[in-house]
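**Student:** Okay, here's the prediction I keep looking at, along with the sequence it came from:
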Amino acid sequence: MTPMPGAEPREPEDPAFDGTLREEDTAGQEAPASPVAARQPRRVTWQKVTVLPAVLAAVLVATWLWFEQADLDPLSENALSNGQVGKALRQHIELTVISTFFVLIIAIPLGILLTRGAFRKGAPVVMALANTGQATPAIGLLALLVIWMGIGEKAALTGIVIYAVLPVLSNTIAGLRANDPTLLEAARGIGMSPLGVLVKVELPLAVPLILAGVRTALVLNVGTATLATFGGGGGLGVLITTGITNQRMPVLMLGSILTVVLALLVDWLASLAELVLSPRGLEVRS
Amino acid sequence: MNFWEYLGNRRQQLLADALQHAGAVFQCMVVATAVGVLIGVLTYRSAWAGNLATTVTSTILTVPSLAMIGLLIPVVGLGVAPTVTALTLYGLLPIVRNAIVGLRGVDPTLVDAAKGIGMSRLHRLVRIELPLAWPPILTGIRVSTQMLMGIAAIAAYASGPGLGNEIFRGIASLGSKNALNQVLAGTLGIILLALLFDAVYVLIGRLTIPRGIRV
């Protein structure tokens, strides 16, 4: 389910439609499903830039104020002192960024490859695999990797990457296939080489889609990274699980709130990047 | 003990976990479908309300499930309550969005024709618009179910029901001989359940999508 941002909401029957890709959901705000929205050009509005960060900042300030006056017992103190919160946050961001990087350098070239001549036959297999992969619980996958590779950041990262590669890959394939064949025909007609068609026509047309892939991967990975704690990979999940096992609500709340804020912030940044970086010429595609 | 022996030995426990898992997902899906379609019906006619509904539900979906469960625990406690609440909330988005897209996609001339032959607003909705929007809604339900299968596994950490317990038991006893068996049994069980549900949805689609609009 990964229409390019700003594009018409994709037909839900679309083969690429699946439940974990979230990037277009907020882009759906401007989906021209209504005549009113259709007339507005897609651009960065001041609401888009200010509302979410303001809300998130308010949430953070409220949390901070609450912690200022909160009476923490030694167990909670222990879990939160010595910069452990900062460390968890840093680890979480690290896990997200590194895994997203790997997801993109694996999924996008592979997607391009699978839409080229001889490899095209592999695409349905990958699509089917992606759909089945959707049914695999992230935590189960992670646990299996931990048993296989041992506890640590490596197993966690591998799990996060595997979990996000398939949706981004099936998205890339669907997007490249959705390119208007007449345009490719025209490009070939004026004598462009296959490489030229790819670099000068197909890829630029697929930029919104690639950006959508980045956003999908980022949001998905922030979520999966919370599970890294079960494999000894650190991250904000540590605070959440410590809070749950020790029945310490302040620790649990802080971990959860920071995770939510991080997820929404990442999604917001990616949505801005989509708007800013998409080629202007594609705006009226919908 | 190898995997098959393990399955044989723990048959009862695994079956009970699987049933609980399927039951939790199924019940939450029923609620999510009812609420989701209702939200869709109430909001699709106004651009503003429809977009708001989509934005709110998609924001919920952006929240990592472990954090969502973490936020719910102080409110509703441990166990079944946070599981059910989280599952229902996450199940909403694909259904709400597909219901809105589906209802908006209904050919206005058809609705006009229905109006012309004197059908009331409710009649038009129930007899014309919802049946025509049903295929995308059903797709939404399928997508939601697949997603909830995995989220339910994570909810087991907050003492929720289901096969996730098997996985977490394995994680807790890392290094022991049974860890792999437990994790494998839980993971494969969930994949199996997800595929099973999906097959049922395909069947439901065959039976309930009006012949005239089948592709």
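**Tutor:** Here it is on my side, so go on. Numbering: from 1, shown residues only, chains lettered A, B, ... in the order given.

**Student:** Hmm, residue B:198 and residue B:142 touching each other?
**Tutor:** Yes - between residue B:142 and residue B:198 there is a contact under Cβ atoms under 8 Å: 6.2 Å. In short, each C-beta sits where N, CA and C put it, glycine included.

**Student:** So which of those two has more stuff around it?
**Tutor:** residue B:142 (25 against 18; other Cβ atoms under 10 Å in any protein chain shown).

**Student:** and that one, what does it touch?
**Tutor:** B:197-198, B:201 (Cβ atoms under 8 Å, 6 or more residues apart in numbering or on different chains).

**Student:** How many residues are close by residue A:197?
**Tutor:** When counting by other Cβ under 10 Å, one arrives at 18 neighbours for residue A:197.

**Student:** Leaving out sequence neighbours, find the closest residue to it.
**Tutor:** Once flanking residues are discounted, residue A:197 sits nearest to residue A:187: 4.7 Å by Cβ to Cβ, 6 or more residues apart in numbering or on different chains.

**Student:** which element is the one you found on?
**Tutor:** Assessed by DSSP states H and E, residue A:187 sits inside helix A:181-189.

**Student:** pull the longest helix from chain B.
**Tutor:** With secondary structure taken from DSSP state H, chain B has its longest helix at helix B:11-43.

**Student:** Quick one: list the elements packing against that helix.
**Tutor:** Packing partners of helix B:11-43 (3 or more Cβ pairs under 8 Å, 6 or more residues apart in numbering or on different chains; DSSP states H and E): helix B:47-62, helix B:80-104, helix B:130-155, helix B:164-172, helix B:178-208.

**Student:** which stretches of chain B have low pLDDT?
**Tutor:** When residues are selected by pLDDT under 70, those of chain B lie in B:215.

**Student:** ok so, going back, quick one: the longest helix of chain B to helix B:178-208, angle?
**Tutor:** If you take axes from the mean of the first three to the mean of the last three Cα atoms, to 10 degrees, helix B:11-43 sits at 40 degrees to helix B:178-208.

**Student:** any idea of the angle helix B:11-43 forms with helix B:80-104?
**Tutor:** 40 degrees.

**Student:** Which parts of helix B:11-43 count as buried, going by neighbours?
**Tutor:** B:14, B:17-18, B:20-22, B:24-25, B:28-29, B:32-33, B:35-37, B:39-41, B:43 (16 or more other Cβ atoms under 10 Å in any protein chain shown).

**Student:** Stretch A:130-145 now?
**Tutor:** Under the neighbour-count criterion of 16+ other Cβ under 10 Å, stretch A:130-145 has A:130-131, A:133-145 buried.

**Student:** ok, and of those residues, which contact chain B?
**Tutor:** Residues of the buried residues of stretch A:130-145 in contact with chain B (Cβ under 8 Å from any Cβ of the partner chain): A:134-141, A:143-144.

**Student:** Surely residue A:237 is in contact with residue A:230?
**Tutor:** Yes - applying Cβ under 8 Å as the test, residue A:237 and residue A:230 come out as touching, 7.3 Å apart.

**Student:** ok, those two, which is more surrounded?
**Tutor:** The neighbour comparison of residue A:237 against residue A:230 (other Cβ under 10 Å) goes to residue A:237, with 29 against 26.

**Student:** for that one, what are its contacts?
**Tutor:** Residues in contact with residue A:237 (Cβ under 8 Å, 6+ apart) are A:92, A:225-230, A:255, A:259, B:66.

**Student:** and those as a markdown table, adding distance to residue B:99?
**Tutor:** Below are the contacts of residue A:237 laid out as a markdown table (distance: Cβ to Cβ, whole Å):
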| residue | distance to residue B:99 |
| --- | --- |
| A:92 | 34 |
| A:225 | 31 |
| A:226 | 29 |
| A:227 | 30 |
| A:228 | 35 |
| A:229 | 36 |
| A:230 | 35 |
| A:255 | 34 |
| A:259 | 29 |
| B:66 | 28 |
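
**Student:** ok, of those residues, which one's closest to residue A:119?
**Tutor:** Here the nearest of those to residue A:119, counting by Cβ to Cβ, is residue A:225; it sits at 31.5 Å.

**Student:** Looking at per-residue confidence, what score does the closest one get?
**Tutor:** Residue A:225 is assigned 91 on the pLDDT scale.

**Student:** any idea how far it is from residue B:150?
**Tutor:** 15 Å (Cβ to Cβ, to the nearest Å).

**Student:** Those two: who's more crowded?
**Tutor:** residue A:225 (33 against 28).

**Student:** Would you confirm that that one contacts residue A:160?
**Tutor:** Yes - with contact defined as Cβ under 8 Å, residue A:225 counts as touching residue A:160 (6.0 Å).

**Student:** Next, show the common contact partners of the two.
**Tutor:** What both residue A:225 and residue A:160 touch, as defined by Cβ under 8 Å, 6+ apart, is the set A:95, A:99.

**Student:** Could you confirm whether any residue of stretch A:265-282 contacts chain B?
**Tutor:** Yes - Stretch A:265-282 reaches chain B (Cβ under 8 Å from any Cβ) through residue A:267.

**Student:** which parts of the stretch 101-250 of chain A sit against chain B?
**Tutor:** Contact residues, the stretch 101-250 of chain A versus chain B (Cβ under 8 Å from any Cβ): A:132, A:134-141, A:143-144, A:146-147, A:151, A:219, A:222-227, A:230, A:236-237, A:240-241, A:243-244, A:249.

**Student:** Next step: those residues restricted to strands.
**Tutor:** With strands taken from DSSP state E, there is no overlap with these.

**Student:** List the contacts of residue A:116.
**Tutor:** Contacts for residue A:116 (Cβ under 8 Å, 6+ apart) come out as A:194, A:198.

**Student:** confidence score at it?
**Tutor:** We have a pLDDT of 81 for residue A:116.

**Student:** can you check the one 5 residues further on too?
**Tutor:** For residue A:121, the pLDDT comes out at 80.

**Student:** ok, back up a step: taking the contacts of residue A:237 one by one, which sit in helices?
**Tutor:** Of the contacts of residue A:237, the ones assigned to helices by DSSP H are A:92, A:225, A:255, A:259, B:66.

**Student:** which one of these sits closest to residue A:155?
**Tutor:** Nearest member of the ones in helices among the contacts of residue A:237 to residue A:155, counting by Cβ to Cβ, is residue A:225, at 12.7 Å.
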